[in-house]
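Trainee: got a predicted model here, sequence first, then my questions.
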Amino acid sequence: MALRTETDKGTGVALLTLDRPERLNAIDLATATELAAAWRAFRYDDEVRAVVLTGAGGRAFCTGIDRGVDVPQPPSPYTIDDPLIAIGPKANDLWKPVIAAVEGMACGGAFYLLGEAEFVIASEGATFFDPHTTYGMVSAYEAISMAQRMPFGEVARMSLMGTAERVSARRAYETGLVSEVTGAGGAVAAALRAAAVIASYPTAAVQGTVRAAWSAKEAARSQALAHAPHLIALGNLAPERQAELFEGRGGGGGEPRIR
């Protein structure tokens, strides 16, 4: 199993941990399936009233899709099979509040998860970046998710700069991606404290508030997401060329700049 779930029945908070530290908590097909199943299971578990999502090991929250995954694609420019499209709580119709606790790196496909959390807490050593363009891939779902939280210029910069630049926890806080920055190693504890407060309130009111907050931006988000598969199918380099760029690792312009 690539996930660990611990539920505190006293507080009503579940801690869901991506548990592939040896792969920097990258998501393979089995993990994607487990994530979808976990979110759907939380829908039916009355003991869980809030969820904290984090990654094991401290080096990374999540580094997106595992590069070892082979995802065959249909021979059409109008569609794409994306194994990460259903890994988030909202994609699985979970409207209990989810708080993401980020230690270390969060990049690429991690934004599918961060984009569907109610808010994000990060430790001071956390960094955020989007490597897609460096390796000849379109950042579509990721950029759209971050555009719901950050100013346009910040989203565009992070998406376009690829591996050449990493956003620090402090800068992520300043731009709205992160709601709280903690000391080193403190993100999970802070997220659990916040989740316990939320879980102590009447659940119907909490879930209604979650739905209300999301409804405020859902129309624009849905329209943008409808374009994502076509942009990816038309703009991505061939997989073998992506692999060449990834293996080179030097295409990002040297050491990343952290701001």
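Mentor: Thanks, I have the structure now. Just so you know, these numbers come straight off a predicted model, no measurement behind them. Numbering: from 1, shown residues only.
Trainee: does Lys90 touch Ala213 like I think?
Mentor: No - Lys90 is not in contact with Ala213 according to C-beta atoms under 8 Å; the separation is 11.3 Å. C-beta: built from backbone N, CA, C; applies to glycine.
Trainee: and these two? Which one has more around it.
Mentor: A direct count of neighbours by other C-beta atoms under 10 Å for Lys90 and Ala213 places Lys90 higher, at 17 against 12.
Trainee: tell me the buried residues in the helix ranked longest in the chain?
Mentor: In the chain, with assignment by DSSP state H, the single longest helix is helix 203-235. Buried residues in helix 203-235, counted by 16 or more other C-beta atoms under 10 Å: 203, 206, 210, 221, 224, 228-229, 231-233.
Trainee: ok, those residues vs Ala41, which is closest?
Mentor: Proximity to Ala41 was ranked across these by C-beta to C-beta; first place goes to Thr203, at 16.4 Å.
Trainee: tell me the pLDDT of the closest one.
Mentor: What the model reports as pLDDT for Thr203 is 95.
Trainee: tell me the contacts of the residue nearest to it when sequence neighbours are not counted?
Mentor: Closest residue to Thr203 apart from its sequence neighbours, by C-beta to C-beta, 6 or more residues apart in numbering: Arg49 at 5.2 Å. Arg49 sits next to 12-13, 96, 198-199, 203, 206 when contact means C-beta atoms under 8 Å, 6 or more residues apart in numbering.
Trainee: can you pull the pLDDT of the closest residue to Leu245 other than its chain neighbours?
Mentor: Among residues not flanking Leu245 along the chain, Tyr135 sits closest, at 4.6 Å (C-beta to C-beta, 6+ apart). Looking at Tyr135, its pLDDT is 89.
Trainee: I'd like the distance between Tyr135 and Ile65.
Mentor: 12 Å (C-beta to C-beta, to the nearest Å).
Trainee: ditto for Ala36
Mentor: Separation of Ala36 from Ile65 (C-beta to C-beta): 14 Å.
Trainee: who has more neighbours, the two?
Mentor: Taking other C-beta under 10 Å, Ala36 and Ile65 do not tie; Ile65 has more neighbours (22 against 17).
Trainee: in the sheet, who's paired with that one?
Mentor: Ile27 (DSSP bridges).
Trainee: from here on, count from 456
Mentor: In the new count, where the first residue is 456, that last one comes out as Ile520.
Trainee: identify the residues contacting stretch 520-538?
Mentor: So stretch 520-538 is contacted by 478, 481-484, 486-487, 539, 563-564, 596, 684-685, 687-689, 701 (C-beta under 8 Å, 6+ apart).
Trainee: now the end-to-end length of it.
Mentor: One end of stretch 520-538 to the other measures 8 Å (C-alpha to C-alpha, to the nearest Å).
Trainee: what about that stretch, average pLDDT?
Mentor: The average pLDDT for stretch 520-538 rounds to 76.
Trainee: per-residue pLDDT, the residue nearest to Thr658?
Mentor: pLDDT, Arg504: 98.
Trainee: derive a ChimeraX selection command for the buried subset of the contacts of stretch 520-538.
Mentor: Provided next is the ChimeraX selection string for whichever of the contacts of stretch 520-538 are buried by 16+ other C-beta under 10 Å:
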select :478,481,482,483,486,487,539,563,564,596,684,687,688
